[in-house]
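Enquirer: Below is the structure, and that's it, no one-letter string:
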């Protein structure tokens, strides 16, 4: 993930709305949505809840690679 994608996901995962993330980072709401979608696609995540679980696993160091073959 890019640095910006990580920033967006961290803020969204913390419970902020896209509009709030945009204000926090000085971006437009559409740009936040694009970064969020790109990051979710790269992470093969279908839902925000899945992203949050993966981010928590990364922090704990317990994320297993689920890359499709």
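Expert: Good, I have the coordinates. The structure displayed is predicted, hence computed values, not measured ones. Residues are numbered from 1 along each chain as shown.

Enquirer: Please count neighbours and contacts with C-alpha atoms only from this point.
Expert: Will do.

Enquirer: tell me what the helix or strand of the chain with the lowest mean pLDDT is packed against?
Expert: Across the helices and strands of the chain, mean pLDDT, DSSP states H and E gives its lowest value to helix 48-60, namely a mean of 87. The contact analysis (3 or more Cα pairs under 8 Å, 6 or more residues apart in numbering; DSSP states H and E) places helix 48-60 against helix 3-13.

Enquirer: tell me, how many neighbours does residue 8 end up with?
Expert: Counted by other Cα atoms under 10 Å, the residues lying close to residue 8 total 25.

Enquirer: Skip the chain neighbours and tell me the closest residue to the residue most central in space within the chain.
Expert: Nearest to the mean C-alpha position of the chain, by Cα atoms, centre = their mean, lies residue 9 at 2.7 Å. The spatial neighbour of residue 9 that comes closest, neighbours along the chain excluded (Cα to Cα, 6 or more residues apart in numbering), is residue 36 at 6.3 Å.
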